[in-house]
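J.: Provided below for reference: sequence and predicted model.
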Amino acid sequence: MKETDFNVGKFFAFLFLFIIFIFMLFPLFEQGNGLKIEKEIKDLRNRVSFAYSTKSVTDITKTLKESGDYSKYREIYNQERNDIRFKESANLENGSANIVTSIVLDYRGFDTLGELIVLFISIIGLTIILSNLNFVPFNPPTFLQKTGVLFLTPFIMLTSIYISLHGHLTPGGGFPAGSIIATLSLFLMIGYKFSYKLKFLNFIESTSGFLVFFLALLGLFITGSFLGNYLPTGIVGKLFSSYLILILYSLVSIKVGAELSVAIKTLYDGENNDR
Amino acid sequence: MNYNTTVLLIIIPILSSFLVYMPVGLIKKSFKIIFLATILFNLLFSLKIFSVVLKYGNLITIIGNYHPPFGINLVSSFFSILFLIALYIVFLISAIIFIFKNDTKNNQQKISSVLLLYLASFSEIILTGDLFNLFVFFEIFSISNIIIISLKNEKFSLKGSIKYLLISSIGSALLLFAIGYIYAILGTLNLAEIALNFEKISFFSKCFIIFFLMGSILSELEVFPFNLWISDSYAGAKNFVNILLSGISCVVSLYIFIRMFFTIFNYPSISLYSYNFPLDIKLLLLTFFSLSIIVNQLVALTSKNIKRILAFSSAATISTILFALTSGTKSGFSSAILLIISTIISKPLLFLSSHQITKGKMEKNLDSFKNGINRKRYFSILFIVSAIFFTGFPLTPAFFGKLMLFYTYASKLNYYTYFIIVIIFSITVEFFYYFRMIHKLFIKDETERENKNIKNNLSISYFVSGLTMISILIIFFIFPNIYEKVITKMSEEIFNQKEYIQTILKLGEK
Amino acid sequence: MIDNRILYIFSTILFLIGIFGAITNKNLIKILVSISVVETASNIFLVSIGYIKNSKPPILDANMGKISVSNLNISDPLPHALVLTAIVIGVGTTAVGIGLCIRLFQYYRTLNINRMGDKDEL
Amino acid sequence: MIFYIFLIIFILSILSAIISITVKDILFSVLSLGFLSLLASILFLLMNAPDVAITEAAVGAALTTVIYLFGIRRTEREDK
C-alpha cells in the first residue's frame, strides 16, 4: 500500500514539472512583439559589459554626464576609442588583462566582498553547529597515501601560489587558489597527521578578511568612493600591474584557504579535538 | 557631507564582525562593547542620513567611482531609511537580550559575529540598487537565519533550520535563474534601468520572470505552500531569535516584495495580457494569499504550543499584508504599512512576554499560561497590551489598517470584493485564539504546587526592552497623526516610479 | 548548430531534474545533492547567456594582442563573474547543510525525513 | 565536430544527474554529482569561460565532493 502511494507522488511530481517545462519553453517560441531571449548573440553592444571589456566606463560616463542622461549609454558605444594593446597600454582605469577579474574585483567588487562574507558566515555556522561534538578518528595513513602526498604536495603548493598571483593575467584567482590550499591542508592531515590549531586559522581568516575590507574602505577616504582605486594601474599584462587587484586577490586566496581548511578540519577531527 | 559614506552602514558592521571573531586576548574581553557600539553607530548614523534625506530628497551612493548603470549603487530614500531605523530598534532590543543572557557562553563570540553580519546584510538588502547584489546579500541573510534558528541545538531547531535551508536554497536558485533571464534580455542588472525597460519585454518572458521571482520571495514570506518551515523553526528557536524572525526577517522580505512589485514591475499598471493567453495576475495573487491566510489561521487555531500559535498568526498577518498590497492602490498600500507598523512593534513583544510567562514550565503549551497574572504580573500585562494592539482593537494601528483594507476592496464593487469574506474570517479566528490565551492567564492553576522558593527574578534586560517597546506602542496610541504623515509620504514615493529612476539615471530632464 | 536556445533548453532540463529530486527524495543528503544539481544547472544557464559563437575567451594575452572597440570578438565576461560568485555561495550552503545533517543524525540515527517525526507535533 | 562534443556532454550530464538523484547508494550519487560538475566545467571551457571552468573544477567538483564525502562518513551510506 505504502509503495503505491510513493509512486503516485512521483508521478504527480513528474507531471507538474513537465507542465513547468512546457511553460519554460513558451518564451522561446512565442510570436509577437517585445524583447525576448535571442537565438544568437552577435555582439555585446546592447549590454553593460561592452564598457567593461573595453575599459571605457570612465570615458562613457563623462560623455553621459554632459548629456545628463545615463540610460542612453548604448548609443555612444560606437564612438572612436583607443584599442587596448597587450603590454603596451598604460594607466587605464583598470589594469587587469583578465577582464573577468576586472569585473570581479573592480567594477562589481561589492558582490565579491559579499561572496567572501557568505563563505565566512557559512564556515562560522558549520563550527557553531558542530561544536561540542567528538568524532571517532579515522584510520592512520597507509604507506601509499604517505608517499602520494609527499610527491604531490610541492606541486599543489606551486599551483596555488601561481594561480593566486596571476589572477589578473590568466584564468584563476583567489577562490580556486584558496580551495587548492584547502585541498593541500587536507592532504597534510591525511598523509602526515599534521594539524593546525583552529585558533590560528581563525586568526588568519579574520585578519585577512579585515584587511580586505579595510583596504577597500581606504578608497572612500582617498578617492571619495568605497572600493575606489587609489593605487597605480601600470601596464596591462605585466605581473606587477593593477596593484590593488593583486593585493586584494592574494589576501582573498589566503582568507578562502584558511576558511575552507577550517571547514575540512572541523569535519575531519571535530571542533573539539584541537590537537 | 559626502553621500558616498552611506556605505558605512554596511561596512562598519562587517569590519567589527571580523574584529569580534578574532580570538585575541584583548578583543575577547571587550567584544560585547564592540558589538553594542556598532549597533548604536548604525542607529545614529541612519538617523543622520534620515535628516539629510528629509532635506534634499533621495540620495544615491556610488561604489567604486563607477556611475550606476555600470557600477553598484545604494539608494537611500525616505521609505528605505525609515524602514531601516525601525528594524535597527528591534535589532538593538534583541541584541541586548542576547548579550546579557549568558546562556550561550562558549559560542557567544561567534554568534555575535553572525548577528553583526545579519545586520549588515539586511541594511544592504534595503538600500541596494542592483539585482545581483541583492541576491548575494539575500543569501547571507538566509544563511544567518539558518544559523540563528539552529542555535538551541535541539531536535526542533535543527529540523526547522534544515527545512529553511532547503526551501531557501531552491528559492535562491529560482532567483538566480530569473536574474540570468533578465540580464539575457535587457543586458543590465541595475534596478532602475530594469524598471525603465520592463514594459518592453515580451509577454511570456515577463510571466516567466514574475513567477520565478515570486517563487523565490514567497518562500521567505511564509505563504501557504512554502510555510512548512515555520512550524519547527519558531518553536525550536531561542527567544531573541524569535524576536528577530518575527520582527525583522519577514519585514525585510516584505520590503523586497514591495520594491520588486511596485518600483521595478510597476505593479498597478502591469499589463500581463496577450490575445491567446489572458492572465489576471491580481486574481491569481488574491487566491494564493487568501488560501494562505485561511490555512495559517486554522493551524494557529488548532495548535497547542504557544510559540507555534504566535508563529502561524504572524504568518497569517504577513499574508494579510500581501493581500492588501495586491490591490495596487494607495489605500491598500497605506493599510499594508499600518499593519507592518503594528507587526514590527507588537509581535516581538508578544514573543518576549509569552516566553517569560511560560518560563520554568516543562511544556510550553496553553496550560502553562494558567495563573500567569499572579506569577508574572508585569509580563502578563505586557502580553495583554500587545495582544490588544496586534488583533486590532479600536484606535490602534492594526485597527486602522484593517479598516483601510475593507475600504480598499469595498469602495469599488467588483469580483475582488468577495475576498473580504476571508479577512472577516481571519479577524474572527484571530480574536478567538488570542482571547483564549488571555483568558488562560486569569485561571487558577490547581495542579501548581505551592513553592515560593523559586525567586521571581526579573532580568533587567527583559524589563528594559519590554518597557521600550511598550512606550513606543503608547506613543503611537496617543499621537496617531505621526504615522498619517509618514504614510502619505511613503505612498507618494512608492507610487512614483519615475522619481526613483530619475534619481539614479537622471534621464536628461530637470 | 549549438545556439543559445539549445543551451537554455538543456539547462532547463537539468534544473527540473534537480527539482524533481528535491521533491521526491526522502534522504536529506540526497536532497542536498539534488539542490546542487539545480545550482549547477543555473550556473550553466548563466554562462550560456554570455556565449557568443566563434569568439575568444575574455582574457587579453599575447595571442590575442589587442582588444579593439570596433571589432570586439570576446564572449560576455559579466555572467562569468556572476557564476564565480554563485559557485562559492553553493559551497557555503552545502557546508552548512552537511553540518546540520550530521547533527540530526546524532539525534535520530537516520537521515530519512519520514522517520524524523515526533509525537508531540502540532 | 564541436557539435558532437557538446551533444556527448549533454547526454552524459543528463544521465549523471538522473543517476545522482535516483540511486540508492549515496556515495555513488555524490560521485556522480562530482562527475556532473566536471562535465559542467568542460562545458564552461567550451563556452569560452576558462575562469569559471577552473573555479568549478577546484571548488565545485573537488571541494564539494570532499565535503559530501565527510558528511557520508559521519552519517550513513545507504538511502533506506
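T.: Looks like it arrived, so ask away.
J.: can you pull out the helices in the stretch 1-150 of chain B?
T.: Shown for the stretch 1-150 of chain B, the helices assigned by DSSP state H, counting those that start in this stretch span residues B:8-21, B:25-56, B:78-101, B:108-127, B:131-149.
J.: in the second one, what counts as buried?
T.: Of the residues in helix B:25-56, those buried under the neighbour-count criterion (16 or more other C-beta atoms under 10 Å in any protein chain shown) are B:31-32, B:34-35, B:38-39, B:42-43, B:45-46, B:49-50, B:53. Glycine gets a C-beta too; all of them are placed from N, C-alpha and C.
J.: output stretch B:196-209 as PDB, restricted to C-alpha atoms.
T.: Taking Å, rounded to 0.1, in the frame of the first residue of the first chain, the C-alpha atoms of stretch B:196-209 are listed here in PDB:
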ATOM      1  CA  LEU B 196      12.700  51.700 -17.200                       C
ATOM      2  CA  ASN B 197      12.700  48.900 -19.800                       C
ATOM      3  CA  PHE B 198      10.500  46.300 -18.200                       C
ATOM      4  CA  GLU B 199       7.400  47.100 -20.200                       C
ATOM      5  CA  LYS B 200       9.300  46.300 -23.400                       C
ATOM      6  CA  ILE B 201       9.800  42.600 -22.600                       C
ATOM      7  CA  SER B 202       7.500  40.100 -24.400                       C
ATOM      8  CA  PHE B 203       4.500  38.600 -22.700                       C
ATOM      9  CA  PHE B 204       5.700  35.100 -21.800                       C
ATOM     10  CA  SER B 205       9.200  36.200 -20.800                       C
ATOM     11  CA  LYS B 206       7.500  38.700 -18.400                       C
ATOM     12  CA  CYS B 207       5.300  36.000 -16.900                       C
ATOM     13  CA  PHE B 208       8.400  33.800 -16.500                       C
ATOM     14  CA  ILE B 209      10.400  36.400 -14.700                       C
END
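J.: hmm, who's touching that stretch?
T.: A:23-24, A:26-27, A:30, A:32-37, A:71, B:178, B:181-182, B:185-186, B:188, B:264-266, B:271-274, B:277, B:279, B:501, B:505 (C-beta atoms under 8 Å, 6 or more residues apart in numbering or on different chains).
J.: repeat that for stretch A:197-209.
T.: A:116, A:120, A:123, A:127, A:251-252, A:254-255, A:258-259, A:261-262, A:265-266, A:271, A:274, B:18-19, B:21-24.
J.: just the C-alpha atoms of it, please, in PDB.
T.: Listed in PDB are the C-alpha atoms of stretch A:197-209, where the atom choice follows Å, rounded to 0.1, in the frame of the first residue of the first chain:
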ATOM      1  CA  LYS A 197      45.400  24.900  15.700                       C
ATOM      2  CA  LEU A 198      41.900  26.100  14.800                       C
ATOM      3  CA  LYS A 199      42.500  29.300  16.700                       C
ATOM      4  CA  PHE A 200      45.500  30.000  14.400                       C
ATOM      5  CA  LEU A 201      43.300  29.500  11.300                       C
ATOM      6  CA  ASN A 202      40.600  31.700  12.800                       C
ATOM      7  CA  PHE A 203      43.100  34.400  13.400                       C
ATOM      8  CA  ILE A 204      44.400  34.300   9.800                       C
ATOM      9  CA  GLU A 205      41.000  34.300   8.200                       C
ATOM     10  CA  SER A 206      39.600  37.200  10.300                       C
ATOM     11  CA  THR A 207      42.800  39.300   9.900                       C
ATOM     12  CA  SER A 208      42.900  38.900   6.100                       C
ATOM     13  CA  GLY A 209      39.200  39.500   5.800                       C
END
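J.: mind checking how far residue C:13 is from residue C:37?
T.: Here residue C:13 is placed at a distance of 11 Å from residue C:37 (C-beta to C-beta, to the nearest Å).
J.: who has more neighbours, the two?
T.: A side-by-side neighbour count of residue C:13 and residue C:37, using other C-beta atoms under 10 Å in any protein chain shown, places residue C:37 first with 29 against 17.
J.: now the most centrally placed residue in chain D. Its backbone dihedrals?
T.: When chain D is reduced to its mean C-alpha position, the nearest residue by C-alpha atoms, centre = their mean turns out to be residue D:36, at 2.4 Å. The phi and psi values for residue D:36, taken as degrees, to the nearest 10, are phi -60, psi -40.
J.: okay, strands next: where are they in chain B?
T.: B:59-62, B:73-76 (DSSP state E).
J.: and the contacts of the last one?
T.: When contacts are taken as C-beta under 8 Å, 6+ apart, the neighbours of strand B:73-76 outside the stretch itself are B:6-7, B:49, B:53, B:58-63, B:67, B:124, B:127-130, B:190, B:500, B:503-504.
J.: buried ones in that strand?
T.: The neighbour-count check on strand B:73-76 (16+ other C-beta under 10 Å) flags B:73, B:74, B:75, B:76 as buried.
J.: and it, how far from the chain's centre?
T.: A distance of 20 Å separates the centroid of the chain from that of strand B:73-76, by C-alpha atoms, centre = their mean, to the nearest Å.
J.: any part of stretch A:212-227 near chain C?
T.: No - Stretch A:212-227 stays clear of chain C (C-beta under 8 Å from any C-beta of the partner chain), getting no nearer than 14.5 Å.
J.: for chain C, what's the nearest residue on the stretch 51-200 of chain B?
T.: When distances are taken as C-beta to the nearest C-beta, the stretch 51-200 of chain B approaches chain C most closely through residue B:184, which lies 4.0 Å from it.
J.: check contacts around the nearest residue to that residue once chain neighbours are set aside.
T.: With C-beta to C-beta, 6 or more residues apart in numbering or on different chains as the criterion, residue B:184 has its nearest non-adjacent residue at 4.0 Å, and that residue is residue C:49. With contact taken as C-beta under 8 Å, 6+ apart, residue C:49 is in contact with A:37, A:41, B:180, B:183, B:184, C:4, C:76, C:79.
J.: any idea which element residue 18 lies in?
T.: In the absence of a named chain, chain A is used. When elements are assigned from DSSP states H and E, residue A:18 belongs to helix A:2-29.
J.: not what I meant, chain D
T.: helix D:2-22.
J.: tell me which residues in that helix are buried?
T.: For helix D:2-22, the neighbour count (16+ other C-beta under 10 Å) marks D:6, D:9, D:10, D:13, D:14, D:16, D:17, D:18, D:19, D:20, D:21, D:22 as buried.
J.: that one near chain B anywhere?
T.: No - for helix D:2-22 and chain B, the contact criterion (C-beta under 8 Å from any C-beta) is not met; the two come no nearer than 14.0 Å.
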